[in-house]
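1. pasting the structure only:
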C-alpha cells in the first residue's frame with residue numbers, strides 16, 4: 001500500500017508541510033537575527049536529516065544507512081516536532097489535524113512501517 005500514488009502524494013505533502021511549518025515556527029522564535037536563522041536553519045536541518053539518514057532501498061541508495069526502527073523514530077520525531085510547532089504557535093486544530101493525517105499515513109503504509117519495525121529491508125521498487 002505504501003507505493004500507492006495517493007499515499008505517496010500524501011507523504012510528499014506531509015514532508016513539504018513539515019518544512020513550511022519549521023520555517024514559520026523559526027520566524028516566530030526570537031529577535032531579528034534569530035528569525036532569519038530559524039527560517040533558513042530549521043527546515044534545512046530537517047531536510048538534511050530526512051535525506052541523509054535512510055533505510056536501505058527506500059527508494060534510492062541511502063547516503064547513511066540506519067536501521068528501520070531508527071528511521072521510523074526519526075520520521076516521528078520530525079513530524080512530531082512539526083505538530084508541536086503548530087501547537088506552540090497556537091494552531092491547535094491544525095496541529096491535531098496534522099497529527100491525525102500522519103497517523104493515518106503510517107497506518108495506510110503498514111507494509112513499510114512493519115518492515116521498519118522488524119528492521120527488515122523494504123524494497124519499494126519490488127512492490
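-> Received the coordinates, thanks. Note that the structure is predicted; figures quoted are calculated from it, not measured. Residues are numbered from 1 along each chain as shown.
2. Longest helix in this structure, please.
-> In the chain, ranked by residue count with DSSP state H as the criterion, the top helix is helix 5-27.
3. Can you mark which positions in the next helix or strand after it are buried?
-> Proceeding N to C from helix 5-27, the next assigned helix or strand is helix 32-52, under DSSP states H and E. Within helix 32-52, the residues that count as buried by 16 or more other CB atoms under 10 Å are 38, 39, 42, 43, 46, 50. Heads up, the C-betas are built off the backbone N, CA and C, glycines and all.
4. what's the lowest-mean-pLDDT helix or strand in the chain packed up against?
-> When the helices and strands of the chain are scored by mean pLDDT, DSSP states H and E, helix 110-117 comes last with a mean of 82. Counting contacts by 3 or more CB pairs under 8 Å, 6 or more residues apart in numbering; DSSP states H and E, helix 110-117 packs against helix 68-88.
5. and the angle from the helix it packs on to helix 5-27?
-> Taking axes from the mean of the first three to the mean of the last three CA atoms, to 10 degrees, one finds helix 68-88 and helix 5-27 inclined to each other by 50 degrees.
6. Could you list the buried residues of whichever helix or strand comes after helix 68-88?
-> Toward the C-terminus, helix 68-88 is succeeded by helix 92-108 as the next helix or strand (DSSP H and E). Of all the residues in helix 92-108, those buried under the rule 16+ other CB under 10 Å are 95, 98, 99, 101, 102, 105, 106, 108.
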